[in-house]
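S.K.: Starting from these lines, generate the structure:
(one chain, ligands or ions: 1)
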Amino acid sequence: MRIGIAGAGVLGRLLAWRLSRAGHAVTVFDPAAGPGAPDTGSLSRPSTCAAGFTAAGMLSPVAELDNAGPAIARLGWRSLSLWRGVAEELQAAGCGAVLFAQHGSLMVAHGADLGAARRVLARLESAPALAAELPSPQPLDRAALAELEPALAPGLHAWLLPDEAQVMSRDMLQALAVHTPNVHWCWGERVERVEPRVLHVLGDGAMRFDLVVDVRGVGAQSPARSMAHTSVRTQPVEVKPTIPMQALQHTKGERIDSDAMHGLRGVRGEVIWLHAPGVRLQRPVRLLHPRHRVYIVPRPGDLFVIGASEIESEDRSPVSLRSAVELMAAAHSAIPELAEARIVHMETNLRPALPDNEPHTHFEPGLLRINGLFRHGWLLAPALVEDAIAQLETMSRGPEGPHPPSTSSGQAKPLPQAGEGVSRDRTNAPTERSSLPRPYGERAGVRGSPEPTPETHQNH
Ligand SMILES: Cc1cc2nc3c(=O)[nH]c(=O)nc-3n(C[C@H](O)[C@H](O)[C@H](O)COP(=O)(O)OP(=O)(O)OC[C@H]3O[C@@H](n4cnc5c(N)ncnc54)[C@H](O)[C@@H]3O)c2cc1C
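M.R.: Predicted coordinates for the structure are as follows:
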């Protein structure tokens, strides 16, 4: 199949990786200048890069029960082994960077803030089926905590969440683009509108594919709202969901209004990067606090990502003093040795969220949309992608499947524009193959590697 993907964030790159390995001819459009992490935004020119670059990459299905329901926890639990498989395959393909680490995570609370921690534990206990599926948090006494993570303040209440993990978000995004060679990456290309089998690309016109995928995150909002994101607002602007959540249906292939994911909004999040040579932390730590949920995520190179604020605002301007003070004070209270850390980077981005703060997948012939991954995008993406591809297989067997009558050339067909010429063809010359995607965990070579497409193009 010829597949056009709008958006090269977490979902877009994972889908491209998975679909191209299954032998599909994949073209991805994204306004970003290239595959790597962009410069941070400034007051006059806020960054509009993928939220996935800003994310700390925590994979915490149990700890996220503080913010989400059992369905999210289950999807997240499935994703852990899927990410491990992706990382192993990218490394087998030549990626040298550490992409994934799984040493569990810690949930900690100061004595006065035990209520928040107990709520997460109670959520697990109140769902016996879930408690049977996920590993239980293990309470740690003072000595056990000191042995596990000596840098943490003595006196913290702590629970080990075994098997929780982290993805090195920037390196993983980069690796998915660089080590997925059989994809035509169209950087600097903005998709203005998506309809079944057609992507309307700014400056290029309408591009036809067998299937189009809309994974533009916050960029899938109407153009007027997208433009508003690039403006600077010094005051947070409250954005209220306008469409009731029952207007959306999840992932069952029902036909709903395909024009957009209604009520899509951005939720501001801010992170701070510290450099602290000599401070040892093996695993992500989440500090439960009545007002903030602050995590400290160790990264290679003595770096620590401190995050993240969660503000109902679509303001992309730089990190506020208040957020910076609160995040860093909380991190310092958990790891006193961070006092001498150097602040090396601060970043703001918008989490794509729908009115119910849950992910939604929409299918119809020739079109797949996934959005609303909110604060769990890294946690959920592999399971959502796996489910979507399974659904795609089912649909492609039906009469209205994503395959239109096949074209002789195998090239993407330019659509004539009203009163104009035709659009430029930006796809690879693909080889038609009917092979279905392989499970993630499977290493290339076990059942035979997918054949490369005849040409590989890389934009910029
Ligand atoms: C501060 C912060 C911390 C986070 N921490 C975590 C965490 O620890 N764990 C976790 O699981 N999740 C975390 N998240 C959430 C996670 O980053 C998001 O849920 C995830 O990035 C959503 O993935 P996506 O692919 O839908 O969107 P994105 O990653 O935002 O990607 C969307 C892509 O679409 C492109 N695009 C936009 N408009 C257009 C257009 N018109 N045409 C073509 N392309 C377009 C964008 O350039 C971008 O590349 C965090 C988010 C933030 C902001």
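
S.K.: What residues does Gln102 make contact with?
M.R.: Residues near Gln102 by C-beta atoms under 8 Å, 6 or more residues apart in numbering: Leu80, Arg84, Asp163, Glu164, Ala165, Gln166. (C-beta placed from N, C-alpha, C; glycine too.)

S.K.: Against the ligand, how distant is it?
M.R.: With the distance defined as C-beta to the nearest ligand atom, to the nearest Å, Gln102 ends up 14 Å from the ligand.

S.K.: State the distance from that residue to Gly205.
M.R.: The spacing between Gln102 and Gly205, counted by C-beta to C-beta, to the nearest Å, is 45 Å.

S.K.: In the stretch 1-150 of the chain, which residue sits nearest the ligand?
M.R.: Gly9 (1.7 Å; C-beta to the nearest ligand atom).

S.K.: same thing with the stretch 151-300 of the chain?
M.R.: Closest to the ligand within the stretch 151-300 of the chain is Gly219: 2.0 Å, counting by C-beta to the nearest ligand atom.

S.K.: Give me the pLDDT value at that residue.
M.R.: Listed pLDDT for Gly219 reads 96.

S.K.: same check, this time on Val120
M.R.: 73.

S.K.: Let me know whether the residue of the stretch 151-300 of the chain closest to the ligand touches Gly7 as I believe.
M.R.: Yes: using C-beta atoms under 8 Å, Gly219 is in contact with Gly7, at 6.6 Å.

S.K.: residues near the residue of the stretch 301-450 of the chain found nearest the ligand, how many?
M.R.: Nearest residue of the stretch 301-450 of the chain to the ligand: Gly377, at 2.1 Å (C-beta to the nearest ligand atom). Around Gly377 there are 24 other residues, counting by other C-beta atoms under 10 Å.

S.K.: Repeat that for Gly69.
M.R.: When neighbours are counted by other C-beta under 10 Å, Gly69 registers 15.

S.K.: Tell me the pLDDT of it.
M.R.: On the pLDDT scale, Gly69 is placed at 87.

S.K.: rewinding a little: how about the nearest residue to the residue of the stretch 1-150 of the chain closest to the ligand, chain neighbours excluded?
M.R.: Computed as C-beta to C-beta, 6 or more residues apart in numbering, the closest residue to Gly9 that is not its neighbour in sequence is Ala50, at 3.5 Å.

S.K.: circling back: just want to know which of Gly219 and Gly7 has more residues nearby.
M.R.: Just comparing Gly219 and Gly7: by other C-beta under 10 Å the higher neighbour count belongs to Gly7, 29 against 25.

S.K.: Was I right to think that one contacts Val218?
M.R.: No: in this structure, Gly7 is not within contact of Val218 by C-beta under 8 Å, at 10.0 Å.

S.K.: what's near enough to touch the residue of the stretch 1-150 of the chain closest to the ligand?
M.R.: Shown in contact with Gly9 (C-beta under 8 Å, 6+ apart): Asp30, Ala50, Ala51, Gly52, Leu173, Val215, Arg216, Gly217, Gly377.

S.K.: could I get those residues as TSV with secondary structure?
M.R.: Formatted as TSV, the contacts of Gly9 follow (DSSP: H, G, I helix; E, B strand; the rest coil):
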residue	secondary structure
Asp30	strand
Ala50	coil
Ala51	helix
Gly52	helix
Leu173	helix
Val215	coil
Arg216	coil
Gly217	helix
Gly377	helix
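
S.K.: between those, which is nearest Ala127?
M.R.: Gly377 (23.1 Å; C-beta to C-beta).

S.K.: Could you list the buried residues of stretch 197-215?
M.R.: Judged by neighbour count (16 or more other C-beta atoms under 10 Å), stretch 197-215 contains these buried residues: 197-201, 204-215.

S.K.: ok, and of the residues you listed, which contact the ligand?
M.R.: Among the buried residues of stretch 197-215, the ones lying near the ligand by C-beta under 6 Å from any ligand atom are Val215.

S.K.: Low-confidence ranges, the stretch 351-460 of the chain, go.
M.R.: Confidence mapping of the stretch 351-460 of the chain against pLDDT under 70 gives the ranges 399-460.

S.K.: How about the residues of it by the ligand?
M.R.: Counting by C-beta under 6 Å from any ligand atom, the stretch 351-460 of the chain comes close to the ligand at Arg351, Pro352, Asn371, Leu373, Phe374, Arg375, His376, Gly377, Trp378, Leu379.

S.K.: what's the distance between the closest residue to the second one other than its chain neighbours and Gly9?
M.R.: So the one you mean is Pro352. Nearest-residue entry for Pro352: Gly217, 4.1 Å, with adjacent residues in sequence omitted and distances by C-beta to C-beta, 6+ apart. As judged by C-beta to C-beta, Gly217 and Gly9 stand 5 Å apart.

S.K.: Quickly list what's touching both of those two.
M.R.: Both Gly217 and Gly9 are contacted by Ala50, Ala51, under the criterion C-beta under 8 Å, 6+ apart.

S.K.: could you pull out the strands for the stretch 251-400 of the chain?
M.R.: For the stretch 251-400 of the chain, the strands defined by DSSP state E, counting those that start in this stretch cover 265-275, 285-288, 293-299, 303-307, 342-353, 360-364, 367-371.

S.K.: Quick check: Ala334 touching Leu156?
M.R.: Yes: in this structure Ala334 lies within contact range of Leu156 using C-beta under 8 Å: 6.6 Å.

S.K.: what sits in contact with each of the two?
M.R.: By C-beta under 8 Å, 6+ apart, the residues touching both Ala334 and Leu156 are Val108.

S.K.: Just want to know which of these two has more residues nearby.
M.R.: Ala334 (26 against 22).

S.K.: Quick check: beta-bridge partners of the residue nearest to the more buried one when sequence neighbours are not counted?
M.R.: Leaving aside its chain neighbours, Ala334 sits nearest to Leu287 (4.9 Å; criterion: C-beta to C-beta, 6+ apart). Beta-bridge pairing for Leu287 (DSSP bridges): Val108, Val294.

S.K.: and the biggest helix by length in the chain, which residues are buried?
M.R.: Secondary structure of the chain read by DSSP state H shows that its longest helix is helix 70-92. Within helix 70-92, the residues that count as buried by 16+ other C-beta under 10 Å are 70, 72-87, 89-91.

S.K.: now swap in stretch 316-324 and tell me
M.R.: By neighbour count on 16+ other C-beta under 10 Å, the buried set for stretch 316-324 is Arg316, Ser317, Pro318, Val319, Ser320, Ser323, Ala324.

S.K.: thought the second one was touching Ser44?
M.R.: When you say that, I think you mean Ser317. No: counting by C-beta under 8 Å, Ser44 is not a contact partner of Ser317; they are 9.4 Å apart.

S.K.: in this structure, which spans are helices?
M.R.: With helices called from DSSP H, the chain shows them at 10-21, 51-54, 70-92, 114-125, 128-133, 142-148, 169-178, 223-230, 321-334, 377-397.
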